[in-house]
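# Let me see the structure of the following:
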Amino acid sequence: MLDDRHWHRTLFKTCGVDILWFGTARELFYGLASAVISHQNAYQKRDILHGDVSNGNTLMLVDDISETSAVPSPPDNPPKDWTPLRHGMTSDWGSAADCREEEDKECLRRTGTLPFESNQLLKGEPVEYHHDLQSY
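Got it, this is the predicted structure:
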């Protein structure tokens, strides 16, 4: 079963940092909300289910790869409630399933990051869209 797997790397122009690099609770919430929306778009528009949602697969977008972009500094004289608002996205779609194909959907029963797996995945039951949301 695992003999059919291949190692792939994909490079994108879009850069992101781990969601755990958030500076404020507001930034974390904004990044997570954006990631959930990206997940929703993949499912509703392309019938793709991620199947491996975790903190390592949830990123906050940055303008470029640099120290100042990854951890933005506050502007001069910021308002009291200032926080960087960076969009979030879901990454690592290598274990995703095309939900139009029932046999492809079956592979979701064998993937996931243990602390983030849904109850259904842990029980070996079929996984649906709302079970990925439980992982968030």
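# Using just helix, strand and coil, how would you label residue 77?
Here residue 77 is recorded as coil under DSSP: H, G, I helix; E, B strand; the rest coil.
# ok, residue 36 - contacts?
88, 133, 136 (Cβ atoms under 8 Å, 6 or more residues apart in numbering). C-beta here means a position set from N, CA and C on the backbone, and glycine is covered the same way.
# Report the separation between the closest residue in space to the second one that isn't next to it in sequence and residue 79.
In other words, residue 133. Leaving aside its chain neighbours, residue 133 sits nearest to residue 36 (6.9 Å; criterion: Cβ to Cβ, 6 or more residues apart in numbering). From residue 36 over to residue 79 the distance is 27 Å, taken as Cβ to Cβ, to the nearest Å.
# Go through the contacts of residue 36 and flag which are in strands.
Judged by DSSP state E, strands contain the following of those: residue 88.
# what's across from residue 88 in the sheet?
Under DSSP bridges, the beta-bridge partners of residue 88 are residue 60.
# Tell me the buried residues in stretch 87-94?
Neighbour-count burial for stretch 87-94 flags 87, 88, 89, 90, 91, 92, 94 (criterion: 16 or more other Cβ atoms under 10 Å).
# picking up where we left off before, host element of the residue nearest to residue 133?
Using DSSP states H and E, residue 36 maps to helix 25-46.
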